[in-house]
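next comes the sequence, and after it the predicted model I'd like to discuss.
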Amino acid sequence: MDAHRFLVADPAFRADVLAGLAAPVPAIPARWLYDRRGSELFEEITRLPEYYPTRTETALLERHSGEIAAMLGTGEAVVEFGSGSSTKTPILLRAVKPSAYVPIDISGDFLREAAAGLREEFPDLPVYPVEADFMRRLDLPPQIESAPKLGFFPGSTIGNLVARSAVDLLRAMKETLGEGSRLLIGMDAIKDADVLQRAYDDAAGVTAAFNLNLLDRINAELDGTIPVAAFRHRAIWNDAMSRIEMHLEALEDVAFTVAGVGFSMKAGATIHTENSHKYGHRDARLMLRAAGWGVAREWSDDDHWFSIFLAEAEPPRFAP
Ligand code: AVI
């Protein structure tokens with residue numbers, strides 16, 4: 001028996017893949033791209049010459065972290081939505097000098113690794129990791145109850161959600177952080193389709209490997225027989241939806257099973273695996289406002305390729 005058969009499949013992964021492959025427009029939620037291998041490949045993507053978002057946002061943080069800190073005041077508790085494994089977190093923490101740091105992630109492993117790394121660099125900073133799904137309102141650690149709160153959501157990860165879910169998430173963040181809180185959030189801008197195309201279909205093929213790894217994961221964890229070599233990575237700019245879409249396209253007619261269920265796809269048919277929305281100047285502000293966040297300040301690079309927003313939780317309003 002193959003070693004992979006001993007892997008215990010996540011029932012939610014199984015359900016999403018089986019429902020996604022059976023759908024009239026086959027699609028699998030992007031969160032399943034991030035197993036151990038997928039997360040390593042994503043880290044590699046962030047260092048690619050064509051993938052501008054990480055580089056641009058990091059440079060913005062480096063350039064403006066002093067100003068960000070000055071706008072905040074003292075004693076802030078920084079609450080990061082995500083494990084904080086990126087190089088951006090230390091830049092912010094160094095400048096803001098917070099009273100505490102709270103990384104929130106659904107993966108306990110990533111959370112513990114990232115928290116351990118930060119404890120080394122910031123030995124005096126209290127770190128309170130929270131293992132939870134931040135898509136819903138959650139309780140923050142009691143130790144930071146009285147501290148002013150700054151949410152941190154870099155990377156334009158918000159762009160991986162359709163607008164409706166993005167607004168739900170921003171609203172949940174506001175409920176988690178509470179009235180009077182602030183949010184520092186990165187958002188990627190609409191730009192030349194060629195630039196976007198290259199960023200999501202790089203010459204070295206790392207993004208292709210990241211996307212195709214999903215099929216390997218399905219085969220390994222869900223006892224699949226997908227002929228991975230019969231698929232190719234596609235990155236498509238969908239102008240009407242203002243997003244780059246990742247798809248896995250069948251190069252020939254294929255038939256396979258996943259968890260004992262049979263599927264077939266015609267040559268040219270695709271499995272939609274990710275959306276990465278890009279925002280026009282007013283789009284980002286409108287989306288934040290729809291969730292109860294007012295923009296206090298926006299920092300952007302000279303090309304206006306990427307923006308970091310400092311938003312403030314708006315008080316409840318009853319009048320127009
Ligand atoms: C994590 N997320 C913000 C990345 C993005 O740019 O949408 C994921 C990614 N997919 C392909 N390349 C990078």
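Nice, thanks for sending it over.

in the stretch 151-300 of the chain, what residue comes closest to the ligand?
Residue of the stretch 151-300 of the chain nearest the ligand, by CB to the nearest ligand atom: residue 276 (3.3 Å). Just so you know, the C-beta spots here come from the backbone N, C-alpha and C atoms, and that holds for glycine as well.

beta partners of that residue?
When assigned by DSSP bridges, residue 276 has beta-bridge partners residue 244.

contacting residues for it?
156, 159-160, 188, 200, 243-246 (CB atoms under 8 Å, 6 or more residues apart in numbering).

got the contact list for the longest helix anywhere in the chain?
Longest helix of the chain, by residue count under DSSP state H: helix 52-72. With CB under 8 Å, 6+ apart as the contact definition, helix 52-72 has outside contacts at 46-47, 86-88, 91-92, 94-97, 148, 150, 154-156, 182, 184, 186, 188, 195, 199, 296-297, 299-301, 305-308, 310.

about what we covered before: quick one: pLDDT of the residue of the stretch 151-300 of the chain closest to the ligand?
Residue 276 carries a pLDDT score of 98 in this model.

residue numbers of the chain in contact with the ligand?
45, 53, 155-157, 159-160, 200, 207, 274, 276 (CB under 6 Å from any ligand atom).

can you pull the contacts of the closest residue in space to residue 128 that isn't next to it in sequence?
Using CB to CB, 6 or more residues apart in numbering and skipping the chain neighbours, the partner closest in space to residue 128 is residue 141 (4.1 Å). For residue 141, the contacting residues are 100, 102, 128, 130, by CB under 8 Å, 6+ apart.

returning to that earlier point: so among the contacts of residue 276, which ones count as buried?
156, 159-160, 188, 200, 243-246 (16 or more other CB atoms under 10 Å).

what's the closest of the residues you listed to residue 109?
The shortest approach to residue 109 among the buried ones among the contacts of residue 276 belongs to residue 160, at 20.8 Å (CB to CB).

give the contact list for that closest one.
Taking CB under 8 Å, 6+ apart, we find residue 160 in contact with 30, 274-277.

same question, residue 168
Shown in contact with residue 168 (CB under 8 Å, 6+ apart): 135, 291.

now do the following helix or strand past the longest helix of the chain: which elements does it pack against?
Later in the chain than helix 52-72, the nearest helix or strand by DSSP states H and E is strand 77-81. Judged by 3 or more CB pairs under 8 Å, 6 or more residues apart in numbering; DSSP states H and E, the packing partners of strand 77-81 are helix 88-96, strand 100-105, strand 149-153, helix 163-177.

turn those into a markdown table, columns for mean pLDDT and distance to residue 9.
As requested, the helices and strands packed on strand 77-81 are exported to a markdown table (pLDDT from 0 to 100; distance: least, CB to CB, whole Å):
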| stretch | mean pLDDT | distance to residue 9 |
| --- | --- | --- |
| helix 88-96 | 96 | 32 |
| strand 100-105 | 95 | 21 |
| strand 149-153 | 98 | 30 |
| helix 163-177 | 98 | 25 |
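
ok, which of these comes nearest residue 39?
strand 100-105 (11.5 Å).

in the worst-scoring helix or strand of the chain on mean pLDDT, which residues are buried?
Ranked by mean pLDDT, DSSP states H and E, the weakest helix or strand in the chain is helix 108-121, scoring a mean of 87. Neighbour counts over helix 108-121 (16+ other CB under 10 Å) mark 110-111, 114-115, 118 as buried.

phi, psi of the closest residue to residue 257 other than its chain neighbours?
Leaving out its chain neighbours, the residue that sits closest to residue 257 by CB to CB, 6+ apart is residue 225, at 5.2 Å. Residue 225 adopts backbone torsions of phi -120, psi 30, taken as degrees, to the nearest 10.

and the residue of the stretch 1-150 of the chain found nearest the ligand, how many residues sit next to it?
With CB to the nearest ligand atom, the shortest gap between the stretch 1-150 of the chain and the ligand falls at residue 45, namely 4.9 Å. For residue 45, the neighbour count with other CB atoms under 10 Å is 20.
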